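Asker: model this:
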Amino acid sequence: MHSYPRFVRTILSALSLACVAHADTSTVFNDTFNLSGSGSTINNTTPTPATPSISATAYQQISAKAIQTTSIGLGYMRFGLPSTTSAVNMVEALFAKYPITLSNIGESVEMTIAFTPVENLIGSPSSYLLVGLYNGGQIQPKPGGLVGTTASAGNAQNWNGYVSRIAANTTAHLIGTRPVQTAVAANNQDVTYSYSGTVTIGTNATSTVTALLAGSTYTTILTITKTGAAALSITSKLFDNANSTVMLMDRTVVSTSIPTDTFDALAFGFRYNGTATGTTQRVDVKNITVTTTAATTIVPVISLQPFSRTKAVGEGVSFDVAASGGGAALSYQWYKNNVAISGATTTSYAIGSVITDDAGDYKVTVTDVAGSVTSTNATLTVTSGSVAPSVLANPSNAALLVGASNTFTATASGTAPLTYQWQFSSDAGANYADISGATALSYTVSNAQLANTGLYRLVVTNGQGSATSTAATLTVNQVPSVTAEPVGATVAAGAAINLSVTAIGTPAPTYQWKRNGVAISGATSATYSVGSATGANTGNYSVVITNSVGTATSAIASVAVLASGFTSTATTPSVGISSILPDTRLSITFSSPVTAGVSGFIKIYDASNPTTPVDTVDMVAATTLKNVLRAGSTLSTRDLPVQNKTIGGLTNFNYYAITISGNTATIYPRNGVLTYGKTYYVTVDAGVFVDSTGGSFAGIAGSS
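Answerer: This is a model prediction of the structure:
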């Protein structure tokens, strides 16, 4: 069995959040769920923001069953299902205020989604990962998070577009259309799976994608390209981010009719087809990006409005605006009391020394080729005396990871000279203390630690008094990490198994123990115990530690539960035999049928120098490699441990380290490790071989 190199593809790097148009590709939406400014929402009863921005929108969840509590945290959006046997579940949203139209041949729109399953996804037949792009006609999806069990009109019923249903292994993968739904039906808000009138594009292909594993990050890309006057090419890809050279799926079909070539809406989700109740299915979306090579329309958006001010006669004043948009460069025109100010055509309008006649309302209109937008009015009040301080813009809340930095900023006004002092409270505002050296309009927390979590505010002072900003909350989170790994054991049948892990993380993490990669129901604390072990408890244990900002997985702790009466009855070569060939296979015959286990080592030692084994079979690594290969093809890979060896200069030759026939296991040393004129002995750990109940062979120790 030879391992052939895989075709290498590189995942697209994260695209810039900048709101400018590029010569080749424009980013029209890039949601990284960073919680800064006006962030995205999920399941709002009133969609907010009702008009999507380049980095935020209002996601609404649609499901056929009860929906899991959802959340948006630093760097993720979590949604899913609680306990169910099967259901479809998705989020839908508008991603642009001005739709993209593929007007010319060669133009494309592409959506890239990075996500991490919280529990294993699409691990069974008829399960799917669901991805779609649509013409939503600027109609918001159904607000509030909808369980689609009752008929509902309007909203996403009227969307039409294209869907990729990335299927689990052996199930047909479909790329097809999602037409407008004409009937008022229970499923007409579903835009990815269950609706009427779909047209399959091309021929369905049998999927080879296996379960998407909890804690692993994947990227799916859906690209729609106009290839003819009446033709679209739809490409669906799925990558395993843990190994960017591994493309799990890459499929392209061509549609010779175009139900729509305009896009402003998206959907992402999954269908779970389980075999038992009580299974939670959730996913953390890390990033959603939509780019296009088509012409885009992005009317300017004002991100910083000019502030009203009170100034004494003779003081200077400046009104400022910040805006972004697409297309041509932005132009500006300032107004006083609705009359254009000659020459006031930049992002700022300043008066060096105000007089009484300067009092009034000031605003600015920002324009590009797509349109214009006008700021709110900023009122200038002119007084004859000094002006007490006021805070015009307060610092904003922030959330970040340990080691990151955040800058708090504020804007203040008042008669000069103004002094500034930032303060910090670690007790929810009961007490504040001055921060040494923090005496500017901004303050940066560098290399943030958990102790920096708290409230920050600015006090502004002059000769007329002081003003204090509202407090901004800084939340410092910590990705989970393991500080003490679980330790495996070999125990007799009926004995107790006690495994434990020590981990840190903020917010406090949750725990999920796994045996041989499969979650153990109810094993959700830092310890896992079995009161009376049986062979079924033999295996490799690990624990996944998760909080809202990340996941850590412990090292494997191998447990072997000894099987009474499961012994070896013969070995080949027999003990003490001499004059055998170096390529002789080793075999052990047992008292009952044997199966390869998943833990422990087989080691071969040179008796004259037993410090380091001359060859080793690592059952954990060999089982992992077997599983990887079987995930690609169960037909060409047997359910036996696999490891590498070198043959003829090839260093990545995969072979079966052990084969099984009835009661006999045969072990194959690597090439060239045994030589003439040497004496060798073999050790076998508990866990390497098990009987039909999972009970472990006790092993062979020492040099016997």
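Asker: how far is the lowest-mean-pLDDT helix or strand in the chain from where the chain is centred?
Answerer: One helix or strand of the chain scores below all others by mean pLDDT, DSSP states H and E: strand 205-206, with a mean of 76. Taking Cα atoms, centre = their mean, to the nearest Å, the mean C-alpha location of strand 205-206 is offset from the chain mean by 26 Å.
Asker: again, but for stretch 378-393
Answerer: In terms of Cα atoms, centre = their mean, the gap separating the centre of stretch 378-393 from the centre of its chain is 47 Å.
Asker: what are the ranges of the helices in the protein?
Answerer: Using DSSP state H, the helices of the chain run over residues 619-632.
Asker: rewinding a little: what strands line up against the least confident helix or strand of the chain, and which way round?
Answerer: With DSSP bridges as the test, strand 205-206 is paired with strand 172-178 (antiparallel).
Asker: what's the partner strand in contact with?
Answerer: Outside strand 172-178, the residues that touch it by Cβ atoms under 8 Å, 6 or more residues apart in numbering are 132, 134, 159-167, 191-192, 195, 197-202, 204-207, 209, 234, 236, 249, 251, 253, 255, 259. From N, CA and C alone the C-beta is placed, and that goes for glycine too.
Asker: let's see 7 Å
Answerer: Here strand 172-178 makes contact (Cβ atoms under 7 Å, 6 or more residues apart in numbering) with 132, 134, 159-167, 191, 195, 198-202, 204-207, 234, 236, 251, 253, 259.
Asker: what pairs with the most centrally placed residue in the chain across the strands?
Answerer: The residue lying closest to the centre of the chain (Cα atoms, centre = their mean) is residue 115, at 3.2 Å. Under DSSP bridges, the beta-bridge partners of residue 115 are residue 218, residue 285.
Asker: wait, it touches residue 286, no?
Answerer: Yes - with contact defined as Cβ atoms under 7 Å, residue 115 counts as touching residue 286 (6.1 Å).
Asker: against residue 664, how distant is residue 198?
Answerer: If you measure residue 198 against residue 664 using Cβ to Cβ, to the nearest Å, the figure is 54 Å.
Asker: what's the answer for residue 463, then?
Answerer: Counting by Cβ to Cβ - residue 463 and residue 664 are separated by 96 Å.
Asker: look at these two and report which has more neighbours.
Answerer: Using other Cβ atoms under 10 Å as the criterion, residue 463 and residue 664 rank with residue 664 on top: 16 against 12.
Asker: quick one: contacts for the more buried one?
Answerer: Neighbouring residues of residue 664 by Cβ under 7 Å, 6+ apart: 587, 589.
Asker: before we move on, what about residue 149?
Answerer: Applying Cβ under 7 Å, 6+ apart to residue 149 gives the contacts residue 186.
Asker: give me the low-pLDDT residue ranges for the stretch 601-704 of the chain?
Answerer: Within the stretch 601-704 of the chain, the stretches with pLDDT under 70 are 631-636.
Asker: I misspoke; the intended subject was the stretch 201-350 of the chain.
Answerer: Where the stretch 201-350 of the chain drops to pLDDT under 70, the residues are 242-246, 274-278, 297-298, 325-328.
Asker: mind listing the strands for it?
Answerer: Using DSSP state E, counting those that start in this stretch, the strands of the stretch 201-350 of the chain run over 205-206, 218-228, 231-240, 247-255, 262-263, 265-273, 279-292, 301-304, 309-312, 317-320, 322-324, 331-336, 339-340, 348-351.
Asker: tell me what the fifth one is packed against?
Answerer: Taking 3 or more Cβ pairs under 7 Å, 6 or more residues apart in numbering; DSSP states H and E as the contact definition, the neighbouring helices and strands of strand 262-263 are strand 100-101, strand 128-135.
Asker: partner strands of that strand and their direction?
Answerer: Neighbouring strands of strand 262-263 in its sheet, by DSSP bridges, are strand 100-101 (antiparallel).
Asker: so what's residue 519 closest to, chain neighbours aside?
Answerer: residue 512 (5.5 Å; Cβ to Cβ, 6 or more residues apart in numbering).
Asker: so what's the spatially closest residue to residue 299 that is not a sequence neighbour bridging to?
Answerer: For residue 299, ignoring the flanking residues on the chain, the nearest one in space by Cβ to Cβ, 6+ apart is residue 371 at 4.0 Å. Beta bridges link residue 371 to residue 368, judged by DSSP bridges.
Asker: make 354 the starting number, not 1.
Answerer: Sure, I'll start numbering at 354, so the last one becomes residue 724.
Asker: count the neighbours of residue 724 for me.
Answerer: By the measure other Cβ under 10 Å, the count of residues near residue 724 is 14.
Asker: go on, residue 644?
Answerer: Neighbour number of residue 644 under other Cβ under 10 Å is 23.
Asker: quick one: it from residue 461, how far?
Answerer: Applying Cβ to Cβ, the value for residue 644 to residue 461 is 9 Å.
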